[in-house]
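Asker: The sequence and its predicted three-dimensional model are supplied below.
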Amino acid sequence: MPDEPRPDVDRRLRGAFGDDPAAVARIVEGALARSTTAPNRGWLRLVAGAAAVCIAAALVFWPSPPATEPKPPPTLSLSGSFTDGLLAVSLPDGSTSITSAGAREDRPPDGYGIVLVEGEIK
Amino acid sequence: MGGQGSSITVDLDGTIAELAPRVLRYAVARLGDPNLAEEVAQESLAALVRRCRNGTAPDSAEAFVFAVARRRAGRAAWRRRLWVPLEHAFGVRADSPTPEARAIAQSETRRVRAALSRLSHRDREAILLVAVGELTMRDAAAALGLSVSAVKMRLSRSRARLTALLEDGHA
């Protein structure tokens, strides 16, 4: 026994776990016999197969989101007043927008009518 | 003992017969259960036989077998921790300890096991592989995945501690 500076301790350890010749014989016989067959990995194949089936089913039957109709852009009606060349419009957020596009002479100084406004709704 | 290398392919039966009692001793020391230890030893040796018959013999049969035995003993210990409470709950084995189990629970074996249990896990592994499994430092280092000097250090520490524990009778 190489590397055994304390042979008494090592011997005592070995002696405490004594040999069992019958068990040793069974082990030798079993090791040589069992190794002729591959280890039983049936459960592993079963689990792998089940996982593959689940994945395939999920890919096939996964509910795709229903196609949605594109929504028309929201329409917004604003009302305001036009007085002395100033257009005052009440906006949905509660503020009032006052603009003065260059008033043309042929326009009435005040009154009500339809005004086309172009711009972004914020 | 060690360094048989490729010669195991020549005399596989002889190698198995030579390793069997050593692996069994190691597994008994690890697990304390002769039946479980026999199973672990047999599986470890069967793994070696498979490797050799597949044409991929390991460099060191001893290091290979003990590395497998070490892993399997660890797993067996975990399984036992999980199942033993259930077995007790259902009354299995509760009143029928085997003669081997009774013998292990007595005298010298009990003292040595108690002393071993007071070592750290790493030190215990080193001394079990070298002293009980009779591996060389090199094979033990390979089985543990450590350097030879690290194994030497652990061995020196565990031998000194075991000597003190066994001589003082504290174990």
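Answerer: Received the coordinates, thanks. Numbers count the residues shown, from 1 in each chain, chains lettered A, B, ... in the order given.

Asker: what ranges of chain B fall below the confidence cut-off?
Answerer: Across chain B, the ranges flagged by pLDDT under 70 are B:1-10, B:83-106, B:169-171.

Asker: For it, which helix extends over the most residues?
Answerer: helix B:61-90 (DSSP state H).

Asker: So for that one, what gets flagged as buried?
Answerer: Buried residues in helix B:61-90, defined by neighbour count with 16 or more other CB atoms under 10 Å in any protein chain shown: B:61-70, B:72-73, B:76-77. The way it works is simple: take the backbone N, C-alpha and C, and place the C-beta from them, glycine included.

Asker: could I get these as a markdown table with distance to chain A?
Answerer: Shown next, in a markdown table, are these (distance: CB to the nearest CB, whole Å):
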| residue | distance to chain A |
| --- | --- |
| B:Ala61 | 12 |
| B:Glu62 | 13 |
| B:Ala63 | 15 |
| B:Phe64 | 13 |
| B:Val65 | 10 |
| B:Phe66 | 14 |
| B:Ala67 | 16 |
| B:Val68 | 11 |
| B:Ala69 | 11 |
| B:Arg70 | 15 |
| B:Arg72 | 12 |
| B:Ala73 | 13 |
| B:Ala76 | 15 |
| B:Ala77 | 16 |
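
Asker: ok, the helix ranked longest in chain A near chain B or not?
Answerer: If you go by DSSP H, chain A has its longest helix at helix A:42-61. No: Helix A:42-61 stays out of contact with chain B when judged by CB under 8 Å from any CB of the partner chain, the minimum separation being 15.3 Å.

Asker: Now the element after that helix, going C-ward?
Answerer: For helix A:42-61, the succeeding helix or strand toward the C-terminus, using DSSP states H and E, is strand A:80-83.

Asker: which secondary structure elements does that following strand contact?
Answerer: Applying 3 or more CB pairs under 8 Å, 6 or more residues apart in numbering or on different chains; DSSP states H and E, we find strand A:80-83 packed against strand A:86-90, strand A:110-111.
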